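Chemist: Need coordinates for the following:
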Amino acid sequence: MKVLYYCPEFWSRHGGRTHARGFFAALNRLPTVAETFLYPEADAADDDPASSERDRRGKLGFLPTTVRKLVQFFKPRPDLTRALIERIQRHECDVLVIRTGTQYPSLRGIRRACPDVVVCLEINSAYLDESFPGLCFRRFFQQLEVNRWADADAIFVVSSYLRDYLEARGIPGEKVIVNQNGVTAEVTDLAGVPDMRDQLGIPQDAFVIGYIGGMETFRRLPEVVTHISEMRQAGHDDIYLLMVGDGSDMPAVRAALETHAAVLNGAVILTGWVEHADVPRYLASFDLAIFPFTNAYCSPLKLFEYLGAGIATVGPDTPAVREVFEDGVHLALVKQDGSDFVDRVLEMKRSPELRTRMGRSGQRLVLQEYTWEKNAQRVVAHARELVNGE
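Modeler: Just a heads-up that it's a prediction; the model follows:
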């Protein structure tokens, strides 16, 4: 079986790159996959930021930003459609896997030109919910977003919450398969990996709380900074917060740091983006990893990486997380109103035995059930059934 993987995120600098590269590498290792092809084949990013911005605006630059982005999001790209058709036909691909994002081909156009190819979608999030907060006529646009996926043969989602979301909007249940995120063993193996404490100026006897990921508004990281200040002010002045990543909420995070500067006294370190190959050194620096707040449907990739590395973790008490991990067994879950964040963190801080037990339990679960190999196997197995008409 030959598979074409369309995923611009393969070349990105956010968490989508981790998923894309882990999944694609796993595809290449599966004995049932004869050949794999990637599109785009190389990073097409423009080195000129001004030119890049002009390209993004295009002929619709005169429209208000939100309207322009909506039009660009919903209008299929004919050039992308042609490029995918050409590669399917040239390589005689059996399966096209599309990681959904903001650059979208016409599925109907692909199906007309390549009627025998099986089209699979990977959906990790509802773009409208994350990128257009406060959007008017939200339900109307959500339905439009789902309608564009209806021509796929199979849709792989990261949570049952997302599956129910699609089914409620008319996608047949037999098309939707829950396929949670995974990990790469190389990233989670911290044996012999030196930490970053000395390099970052963090005392070796500090209790380091670590976060790795994007800084989108819905992750509420300024609130986390405030909670760290509260704990230090209450006498836990050995707590340090190491935040690895960047994103749209970085200015708000920096503002929170300024507000609490007198109490924090340099105890919060922001690294910005780091290369994924360097992530193990940051993980090795953590006493406790956190990813406390997110959307209800999100299955945070970093939870799998934290736990795959055996690190005690605080995660969000959401439906998508609860269907994979058990509170008090694999990790500690915090309410999404933030009311018990401080209590759960301090509970973990006070008990090294609890951290060790949860870290080991979470690691066993992740490495046994949630690797990229298992993720890719589920996609390929289902695609093979469709290719064979089963």
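
Chemist: Can you point out the buried residues in stretch 352-360?
Modeler: Arg355, Met358, Gly359 (16 or more other C-beta atoms under 10 Å). (Glycine included, C-beta is placed from N, CA and C.)

Chemist: Out of those residues, which is nearest to Arg232?
Modeler: Arg355 (19.6 Å; C-beta to C-beta).

Chemist: Residues contacting the strand or helix carrying the closest one from elsewhere in the structure, which ones?
Modeler: Taking DSSP states H and E as the definition, one finds Arg355 inside helix 352-369. Contacts with helix 352-369, where a contact means C-beta atoms under 8 Å, 6 or more residues apart in numbering, come from 183, 185, 188, 287-288, 304, 306-313, 325, 328-332, 347-348.

Chemist: Extract the C-alpha set from it and format it as PDB.
Modeler: Only the C-alpha atoms of helix 352-369 are listed here, as PDB (Å, rounded to 0.1, in the frame of the first residue of the first chain):
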ATOM      1  CA  PRO A 352       8.000  12.400  46.200                       C
ATOM      2  CA  GLU A 353       6.600   9.000  46.600                       C
ATOM      3  CA  LEU A 354       3.300  10.100  45.000                       C
ATOM      4  CA  ARG A 355       5.200  11.700  42.100                       C
ATOM      5  CA  THR A 356       7.200   8.600  41.500                       C
ATOM      6  CA  ARG A 357       4.200   6.300  41.600                       C
ATOM      7  CA  MET A 358       2.100   8.400  39.200                       C
ATOM      8  CA  GLY A 359       5.100   9.000  36.900                       C
ATOM      9  CA  ARG A 360       5.800   5.200  36.600                       C
ATOM     10  CA  SER A 361       2.100   4.300  36.200                       C
ATOM     11  CA  GLY A 362       1.600   7.000  33.500                       C
ATOM     12  CA  GLN A 363       4.700   5.900  31.700                       C
ATOM     13  CA  ARG A 364       3.600   2.200  31.600                       C
ATOM     14  CA  LEU A 365       0.300   3.200  30.100                       C
ATOM     15  CA  VAL A 366       1.700   5.600  27.500                       C
ATOM     16  CA  LEU A 367       4.500   3.300  26.300                       C
ATOM     17  CA  GLN A 368       2.200   0.300  26.000                       C
ATOM     18  CA  GLU A 369      -0.800   1.900  24.400                       C
END
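
Chemist: pLDDT of that helix, averaged?
Modeler: Helix 352-369 comes out with an average pLDDT of 96.

Chemist: quick one on the thing from earlier: among the contacts of helix 352-369, which lie within helices?
Modeler: Ala185, Thr188, Phe304, Tyr306, Leu307, Gly308, Glu347, Met348 (DSSP state H).

Chemist: How about the second one: what's its closest non-neighbour residue?
Modeler: By the measure of C-beta to C-beta, 6 or more residues apart in numbering, the closest residue to Thr188 outside its immediate chain neighbours is Gly308, 3.5 Å from it.

Chemist: ok, that neighbour - contacts?
Modeler: Val183, Ala185, Val187, Thr188, Gln363, Val366, Leu367, Tyr370.

Chemist: swap in Pro8?
Modeler: Pro40, Ala44, Arg99, Gly101, Gln103.

Chemist: Quick one: residues contacting the closest residue to the third one other than its chain neighbours.
Modeler: In this structure, Arg99 finds its nearest non-sequential neighbour in Cys7, 4.1 Å apart by C-beta to C-beta, 6+ apart. Taking C-beta under 8 Å, 6+ apart as the definition of contact, the neighbours of Cys7 are Gly16, Ala20, Phe24, Leu38, Tyr39, Val97, Ile98, Arg99.

Chemist: Buried ones only from the contacts of helix 352-369, please, as a ChimeraX command.
Modeler: Paste this into ChimeraX to select the buried members of the contacts of helix 352-369, with burial taken from 16+ other C-beta under 10 Å:
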select :183,188,287,288,304,306,307,308,309,310,311,312,313,325,330,331,332,348
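
Chemist: So if we follow the domain assignment, how does this protein break up?
Modeler: By the assignment in automatic domain parsing, the chain contains the domains 2-182+371-387, 185-369.

Chemist: and among these, the most buried is which?
Modeler: Most buried of these, by mean neighbour count (mean count of other C-beta atoms under 10 Å): domain 185-369, with a mean of 18.

Chemist: Just the terminal-to-terminal distance for it.
Modeler: From its first residue to its last, domain 185-369 covers 12 Å (C-alpha to C-alpha, to the nearest Å).

Chemist: just stretch 231-249 next, same as before
Modeler: Note: stretch 231-249 ends 22 Å apart using C-alpha to C-alpha.

Chemist: what bits of the protein have low per-residue confidence?
Modeler: 44-61, 126-133, 186-187, 390 (pLDDT under 70).

Chemist: which residue ranges form the strands in it?
Modeler: 2-6, 35-39, 95-99, 118-123, 154-157, 176-178, 207-212, 239-244, 268-272, 288-290, 313-316, 332-334 (DSSP state E).

Chemist: can you list contacts of the second one?
Modeler: Residues outside strand 35-39 that contact it (C-beta under 8 Å, 6+ apart) are 2-7, 10, 24, 27-28, 83-84, 87, 91, 93.

Chemist: List the contacts of Thr148.
Modeler: I think there's a mix-up here, since residue 148 is Arg and not Thr. So Arg148 contacts Phe74, Pro76, Tyr104, Leu107 (C-beta under 8 Å, 6+ apart).

Chemist: ok, the residue nearest to the last one when sequence neighbours are not counted - contacts?
Modeler: Meaning Leu107. Spatial nearest neighbour of Leu107, chain neighbours left out: Asp151 (3.9 Å); criterion: C-beta to C-beta, 6+ apart. Asp151 is in contact with Leu107, Arg108, Arg111, Val119, counting by C-beta under 8 Å, 6+ apart.

Chemist: how far away is the nearest residue to Ala376 once chain neighbours are set aside from Val3?
Modeler: Nearest residue to Ala376, sequence neighbours excluded (C-beta to C-beta, 6+ apart): Ala26, at 3.8 Å. Distance from Ala26 to Val3, counting by C-beta to C-beta, to the nearest Å: 11 Å.
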